[in-house]
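Undergrad: Give me the fold of what follows.
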Amino acid sequence: MASDSADFKGTIYYLAGDKPITCLTMKKIFAILLALPLLSLAQKTAKTYDLLLGGYTGTNAGKGIAVYRFDTQTGTVNFLNQFEGVDNPDFLAITNDSKFVYSCNVDPKGAEAQVSAFRFDKTSGKLELINKQPAGGINPVHIILDKDGKNVMISHYSSGSLTVLPVNKDGSLGPVSQTIQYTGSGPHRNQKGPHVHSAMLADNGKKLLVADLGTDHINIYNYDSKKQQPIITENATAEMTGPGDGPRHMEFSPDRKFLYVIQELSAFVRVYKYDNGKLAFIQAINMMPADFTKNSAADIHLSPDGNFLYASNRGGANNIVQYAVDKSDGKLTFVDKFDVSKAPRGFTIDPSGNYLLSAGQEGNTINIFKIDKTNGKLALTDNKIDIPQIVCLKWVSVD
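TA: The predicted structure is shown next:
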C-alpha cells in the first residue's frame, strides 16, 4: 500500500503491483468496521433446523419420514433425506438430544399398530431404523417421550387406549409395559366409544394429561418414569369438557399456568387454569360461526412468546384461526383467520417464532407463512413444500 502524504485526503489505495484496484474512503471503512459486530450478531442469531415430516404412505400418499432443512431467517427449505422403510408414520417424537426418533405406524387394515425406533443424524438428516415393536393398540394418532427419555406413550384412537413402551439405552424399544384402556361414550355421532387422541406431561414430568375425544374427558395421572408401569392410576382425576366437544390436542402457556385444549367436534378452544394437576375452567371460544356444521378442528399451538394462539380447522373451513392471549388471565380474543391448504391436520411454528408451516393433508402442500411478531398475523410466502398426506411436523436444531 502506498500513498503520497502531500496528496492524501482521506483515501487509501490498495495496490496490485503499482496499480490501485480498490479505493475506499475513510468514512466507508469506519462504516464497515462499525457494521462488523452487527454482521457477527446476525450470523450468531441465524438459525437452521431440520424439519421432520410424518404422515401416510401408499397410493397417492407419501413414501415415509421426510427430512428438510429450514432457515428461520429466510423461510427457505431444502430436501435432505427420506426414510421409506415403515408404513404410515403418522406421528413422531424426538429425544431431547436429537439422537433418536420414534414413530407410531398405523396398520392400513385396522390391525394392531407398530412403533418404530430410529437413530438420527441431524447433520445429514439421515434416519436409520433400530427396531420395531407392536404398539399395543389400533390406529395410533399421537406419540410422546417422557422427560427422562425412558418411555414412549402412544395414544390409540380406534382402540381407545394409551400404551407405554420402555426405551432401552441404545435407543431401541422394548415391548409394551403398560396399557390404560378407557371406556365410555359421548353424545356426538363420532363418540360411540373412547378415542384417545393425545397425551402431555406437566409439572416437570410428574403429571400426565390424556385427552379422550370419545368421552369428553381430560384424564390426569401422577407419573413416575422410574417405575416399570410409570402411569400411576391410583387417585387419578378427570376434567369433563363440554358434551360433544371431543378434546383432541393440548398446549400449555410458556409459564405453564394455563392449558389450551382444541375440541375437534365442536371447534371450540377451551382455556383452563392449571395448578399441580388441577384444572379450573376459564373460557370456551368458538373457532367457527354457530351455524357451521362441518367442524373438524385439529391442531393448536402458541407462538414462542405466548402472545398469540393459533388453531386449525378442517371440515370444509380449511383455515387457521388466530387469537390474542391475555397473559394475566389466559383468556383469548379473536384476531383473524387465514386460509390454508386443504385439511390442515397438523401445523407448527418454528422455534424462532418467525414462520408458521401448515400441512394440508388432502391439499398435499405445506404452506409457509411469515409471522408478524407485533400483531401475530400471517402472510403467505412463495416458499412451500409439495408433499402428500403429511400430518406431523417436528423440529431439530442444527446450529
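Undergrad: Which positions in stretch 241-260 come out as buried?
TA: Neighbour-count burial for stretch 241-260, counted by 16 or more other Cβ atoms under 10 Å, picks out 241, 245-253, 258-260. In short, each C-beta sits where N, CA and C put it, glycine included.
Undergrad: ugh, typo on my part, it should be stretch 259-273
TA: 259-272.
Undergrad: So which bits of stretch 95-114 are buried?
TA: For stretch 95-114, a neighbour-count test (16+ other Cβ under 10 Å) marks 100, 101, 102, 103, 104, 105, 106, 113, 114 as buried.
Undergrad: Give me the secondary structure label for the second one.
TA: Remark: residue 101 carries the secondary structure label strand [criterion: DSSP: H, G, I helix; E, B strand; the rest coil].
Undergrad: Pretty sure it sits against residue 125.
TA: No - Residue 101 is not in contact with residue 125 according to Cβ atoms under 8 Å; the separation is 10.9 Å.
Undergrad: follow-up on the earlier one: for the buried residues of stretch 95-114, work out which two are farthest apart.
TA: Spanning the widest gap among the buried residues of stretch 95-114 are 100 and 106, at 20.6 Å by Cβ to Cβ.
Undergrad: follow-up on the earlier one: out of the buried residues of stretch 241-260, what pair is the most spread apart?
TA: Pairwise distances across the buried residues of stretch 241-260 (Cβ to Cβ) peak at 22.2 Å, for the pair 246 and 253.
Undergrad: Straight-line length of stretch 248-262, end to end?
TA: End-to-end distance for stretch 248-262: 6 Å, by Cα to Cα, to the nearest Å.
Undergrad: which residues are contacting it?
TA: For stretch 248-262, contacts defined as Cβ atoms under 8 Å, 6 or more residues apart in numbering pick out 142, 197-198, 200, 202, 209, 211, 213, 218, 241, 247, 263-264, 268-275, 279, 282, 297-302, 304-306, 309, 311, 325, 327, 330, 332.
Undergrad: Weed out the non-buried ones from the residues you listed.
TA: For the contacts of stretch 248-262, a neighbour count by 16+ other Cβ under 10 Å gives the buried set as 142, 197-198, 200, 202, 209, 211, 213, 218, 241, 247, 263-264, 268-272, 274, 279, 282, 297-302, 304, 309, 311, 325, 330, 332.
Undergrad: Which of the residues you listed fall within helices?
TA: Among the buried ones among the contacts of stretch 248-262, no residue falls in helices (DSSP state H).
Undergrad: Which of those fall in strands?
TA: Secondary structure from DSSP state E places 142, 197-198, 200, 202, 209, 211, 218, 247, 263, 268-272, 274, 279, 282, 297-302, 309, 311, 325, 332 of the buried ones among the contacts of stretch 248-262 in strands.
Undergrad: Without its sequence neighbours, what residue ends up closest to residue 148?
TA: Closest residue to residue 148 apart from its sequence neighbours, by Cβ to Cβ, 6 or more residues apart in numbering: residue 225 at 4.6 Å.
Undergrad: An error on my part: the question was meant for residue 222.
TA: residue 232 (4.2 Å).
Undergrad: Was I right to think that neighbour contacts residue 220?
TA: No - under the criterion of Cβ under 8 Å, residue 232 makes no contact with residue 220, lying 10.8 Å away.
Undergrad: Does the closest residue to residue 368 other than its chain neighbours lie in a helix or a strand, and which?
TA: Closest residue in space to residue 368, ignoring its immediate chain neighbours: residue 383 at 4.4 Å, by Cβ to Cβ, 6+ apart. For residue 383, the host element (DSSP states H and E) is strand 378-386.
Undergrad: Show me how far stretch 86-106 is from its chain's centre.
TA: 13 Å (Cα atoms, centre = their mean, to the nearest Å).
Undergrad: Name the helix or strand of this structure that has the lowest mean pLDDT.
TA: strand 11-16 (a mean of 38; mean pLDDT, DSSP states H and E).
Undergrad: pretty sure residue 333 contacts residue 324?
TA: Yes - Residue 333 is within contact range of residue 324, at 4.7 Å (criterion: Cβ under 8 Å).
Undergrad: distance of residue 224 from residue 205?
TA: Using Cβ to Cβ, to the nearest Å, residue 224 is found at 9 Å from residue 205.
Undergrad: From the centroid of the chain, which residue is nearest?
TA: For the chain, residue 348 is the residue whose C-alpha lies nearest the centre (Cα atoms, centre = their mean; 4.6 Å).
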